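Colleague: Model the structure of this input:
(one chain, ligands or ions: 1)
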Amino acid sequence: MDIDIGNALDAVAAPGVSREYLDRLDRRVADAHERIERGMADDEFGYAALNLPERVDTAAIRDAVAPLADSEAVLTVGIGGSALGAATLTDALDTDGEAYYLDNVDPAQVSQLLDDLDLESTALNVVSRSGTTAETLANFLVVREAYADAGVDWTERTLVTTGDSGNLRDLADEHDLPVLPVPDGVPGRFSALSTVGLAPAAILGIDIESVVTGASAERESLSGSLYETPAYAYGAITYALAARGANVNVVMPYHETLETYAEWYAQLSAESLGKDGLGQTPVRALGATDQHSQLQLYRAGPNDKLVTFVHARDGPDVAIPSAELEGLDYLEGASLGELRDAEFEATEASLADVGLPNVRIEIERVDAASVGGLLYGMEAATVLAGELYGVETFTQPAVEWGKEVARDLLRGADALDETTSLRVTRE
Ligand SMILES: O=P(O)(O)OC[C@H]1O[C@](O)(CO)[C@@H](O)[C@@H]1O
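Modeller: You can find the predicted model right below:
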């Protein structure tokens, strides 16, 4: 993974960061790196996630998924970090079958999906680190009943990934289901490179060893200087720009298959850094699609954004057939890849032209190693940013309040008095 932060410097952008400030920040990066290395060495909660490339046991994952290798599809039931890492991998990379995710509680979607799936040939992958997440357990109960109704022994088609305790662990024990452990010290949103993200990828034939190799290369690059560590350069520049008013981070891959990556990063950043009035609001965008949708606002709306482009240098291409259409001479002899890349570079320049800070993250191609490196790099960037902000990167206390209240409502508690209604209806 390479990163170019030139368009976030104050010579180009406002808000922008001066070279002198970056040099000063680099000394704080050195301290933060020491803290991170210490946390990794002691396997402290959260920091332990950055050890995954050395620790993850891909052979054990392959053994656990072997009985499901004949599956034509994998239905993962999980939410947040228990789904998005896997979805990033299975959406980005070629798979031998279809990947489906139930990470929401929408009765219409669940019914439609279950009607459409051939459950006989579908592996059921249930993932919850805590083993107590309401959405995941409710969906699991609905799905397993659908298997039973279809006459399929769901216990033969199910793999569970969870912690040592919790309702999901109890259910797995009760039905003697195969269980992969969520590694100790790894928060859900940092678990893409563990059993959580890699097991469904392995069932679908993804080269998970290469994913880990790519992550290892990024781990090796961690050093005490942002100028030598792409991940830290990203963490540091997002922090510095947020402090200067870039409260929004638009993450805009230029490859359709990386769209889910932007979703994964949104959770990673928002839950890790959105604390104490700090953090950037992550926005998911897709190039070139959103050039024709959101770019107007990015270029001419409030100057409160960083745009992060994600681009692969190489990849498959398709020639555009010649048609000699009037005014479209520039397409003659060009390819779809060339058109996309020209649009990407033009968009980058158009934002620099109005002083909107933007950063380019570049990978070699959208393959297993590069995507593994991207996931690891962004995790390290987020941990570094958390150190610079001084927040508790690995907790998410603000998420818990709503969960408790929803549970109380289901148990029959009175309506809430925290909200106010001013309902407007048609006459
Ligand atoms: O894996 P679990 O425990 O089901 O949690 C799912 C998601 O819910 C959260 O705890 C937030 O509600 C996320 O941090 C996590 O990724």
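
Colleague: neighbouring contacts of the helix or strand that Ile36 is a member of?
Modeller: Assigned by DSSP states H and E, Ile36 belongs to helix 19-41. Here helix 19-41 makes contact (CB atoms under 8 Å, 6 or more residues apart in numbering) with 9, 17, 44, 46-48, 50-51, 222-227, 229, 232, 236, 239-240, 380, 383-384, 387-388. Where you see a C-beta, it was placed from the backbone N, CA and C, and this is true even at glycine.

Colleague: how about 7 Å then?
Modeller: 9, 47, 50-51, 222-227, 232, 236, 240, 383-384, 387-388 (CB atoms under 7 Å, 6 or more residues apart in numbering).

Colleague: from those residues, which would you call buried?
Modeller: Neighbour counting over these (16 or more other CB atoms under 10 Å) leaves 9, 47, 50-51, 222, 224, 226, 232, 236, 240, 383-384, 387-388 as the buried ones.

Colleague: and the residues you listed near the ligand, which?
Modeller: Applying CB under 6 Å from any ligand atom to the buried ones among the contacts of helix 19-41, one finds that nothing falls near the ligand.

Colleague: Just these: which are in helices?
Modeller: Judged by DSSP state H, helices contain the following of the buried ones among the contacts of helix 19-41: 232, 236, 240, 383-384, 387-388.

Colleague: ok, of those residues, which one's closest to the ligand?
Modeller: Nearest to the ligand among those, counting by CB to the nearest ligand atom, is Val383 at 15.2 Å.

Colleague: Stretch 159-168: which residues count as buried?
Modeller: Neighbour-count burial for stretch 159-168 flags 159-163, 166-168 (criterion: 16+ other CB under 10 Å).

Colleague: taking those one by one, which sit in helices?
Modeller: Reading helices off those with DSSP H, I get 167-168.

Colleague: For the buried residues of stretch 159-168, could you give me a markdown table that also reports pLDDT?
Modeller: Shown next, in a markdown table, are the buried residues of stretch 159-168 (pLDDT from 0 to 100):
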| residue | pLDDT |
| --- | --- |
| Leu159 | 98 |
| Val160 | 98 |
| Thr161 | 98 |
| Thr162 | 98 |
| Gly163 | 97 |
| Gly166 | 96 |
| Asn167 | 96 |
| Leu168 | 98 |
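
Colleague: circling back to that earlier point, what's the next secondary structure element after the helix holding Ile36?
Modeller: Reading on from helix 19-41 to the C-terminus, the next helix or strand found by DSSP H and E is helix 52-55.

Colleague: Can you tell me which helices and strands that following helix packs against?
Modeller: helix 208-220 (3 or more CB pairs under 7 Å, 6 or more residues apart in numbering; DSSP states H and E).

Colleague: Just the buried residues of the helix it packs on, please?
Modeller: Within helix 208-220, the residues that qualify as buried are 208-212, 214-219, counting by 16+ other CB under 10 Å.

Colleague: tell me what that helix is packed against?
Modeller: Judged by 3+ CB pairs under 7 Å, 6+ apart, the packing partners of helix 208-220 are helix 52-55, helix 58-65, helix 195-203, helix 368-389.

Colleague: how about the helix or strand just after the longest one against the ligand, any contact?
Modeller: Remark: after helix 368-389, the chain's next helix or strand is helix 397-410, criterion DSSP H and E. Yes: if you take CB under 6 Å from any ligand atom as the test, helix 397-410 does meet the ligand, through Val399.

Colleague: now helix 397-410, how far from the centre of its chain.
Modeller: Averaging C-alpha positions (CA atoms, centre = their mean, to the nearest Å) puts helix 397-410 24 Å from its chain's average.

Colleague: thinking again about what came up before, right, so of the helices and strands packed on helix 208-220, which gets closest to Ala270?
Modeller: For those, the distance to Ala270 is smallest for helix 368-389, at 10.1 Å, taking CB to CB.

Colleague: Taking helix 208-220 as reference, get the angle to that closest one.
Modeller: Going by axes from the mean of the first three to the mean of the last three CA atoms, to 10 degrees, helix 368-389 is angled at 40 degrees with respect to helix 208-220.

Colleague: where's the residue of the stretch 301-427 of the chain found nearest the ligand relative to Gly80, distance?
Modeller: Using CB to the nearest ligand atom, the closest approach of the stretch 301-427 of the chain to the ligand is made by Val399 at 4.1 Å. Noted for Val399: a distance of 9 Å to Gly80, by CB to CB, to the nearest Å.

Colleague: out of these two, which sits in the busier spot?
Modeller: Applying other CB atoms under 10 Å to Val399 and Gly80 shows that Gly80 carries more neighbours, namely 21 against 12.

Colleague: Give the burial count for the closest residue to Pro15 other than its chain neighbours, as a bare number.
Modeller: Distances taken as CB to CB, 6 or more residues apart in numbering put Arg244 closest to Pro15, at 3.5 Å, once the chain neighbours are dropped. For Arg244, the neighbour count with other CB under 10 Å is 18.
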